[in-house]
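Participant: sharing a sequence plus its predicted fold:
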Amino acid sequence: MAKKGYWVVCYKSVSNQATVSEYAKLAATALEALGGRVIVGGKPAKTHEAGVDQSVVIVELYRRLLHCK
């Protein structure tokens, strides 16, 4: 079984959504070329109590990207 790791990216605020969208396309292409993948990304449907309304992206990385033995 391949070892996996996860990278959680949180964007508290985004000043230029177009730039983030372009970056996301480039990053996804680069990750996929190395065997990683974007699992999910977006904003919460609803926040509760002191929750923060921020964009989150979760990336799955495999051994090749993690430099594991």
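Facilitator: Sure thing, it's come through.
Participant: list the residues that contact the residue nearest to Lys12 when sequence neighbours are not counted.
Facilitator: Once flanking residues are discounted, Lys12 sits nearest to Gln54: 5.0 Å by CB to CB, 6 or more residues apart in numbering. The C-beta positions use only the backbone N, C-alpha and C, and glycine is treated the same way. Applying CB atoms under 8 Å, 6 or more residues apart in numbering to Gln54 gives the contacts Cys10, Tyr11, Lys12, Ser13, Lys43.
Participant: parallel or antiparallel, list what pairs with whichever strand or helix holds Val59.
Facilitator: When secondary structure is defined by DSSP states H and E, Val59 falls within strand 55-62. Strand pairing for strand 55-62, determined by DSSP bridges: strand 4-11 (antiparallel), strand 37-42 (antiparallel).
Participant: now the ones you listed in a markdown table, with distance to Tyr62, mean pLDDT and mean neighbour count?
Facilitator: Conversion of the strands paired with strand 55-62 to a markdown table gives the following (distance: least, CB to CB, whole Å; pLDDT from 0 to 100; neighbours: other CB atoms under 10 Å):
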| stretch | distance to Tyr62 | mean pLDDT | mean neighbour count |
| --- | --- | --- | --- |
| strand 4-11 | 6 | 89 | 12 |
| strand 37-42 | 9 | 90 | 12 |
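Participant: quick one: closest of the ones you listed to Gln17.
Facilitator: strand 4-11 (10.2 Å; CB to CB).
Participant: could you dump that closest one to CSV, C-alpha only?
Facilitator: The C-alpha trace of strand 4-11 is given here as CSV (Å, rounded to 0.1, in the frame of the first residue of the first chain):
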residue,chain,number,x,y,z
LYS,A,4,-0.2,8.9,1.7
GLY,A,5,-0.2,12.3,3.3
TYR,A,6,-2.6,15.2,3.3
TRP,A,7,-2.1,18.9,2.9
VAL,A,8,-4.8,21.3,4.1
VAL,A,9,-4.7,24.8,2.7
CYS,A,10,-6.8,27.5,4.3
TYR,A,11,-7.4,30.9,2.7
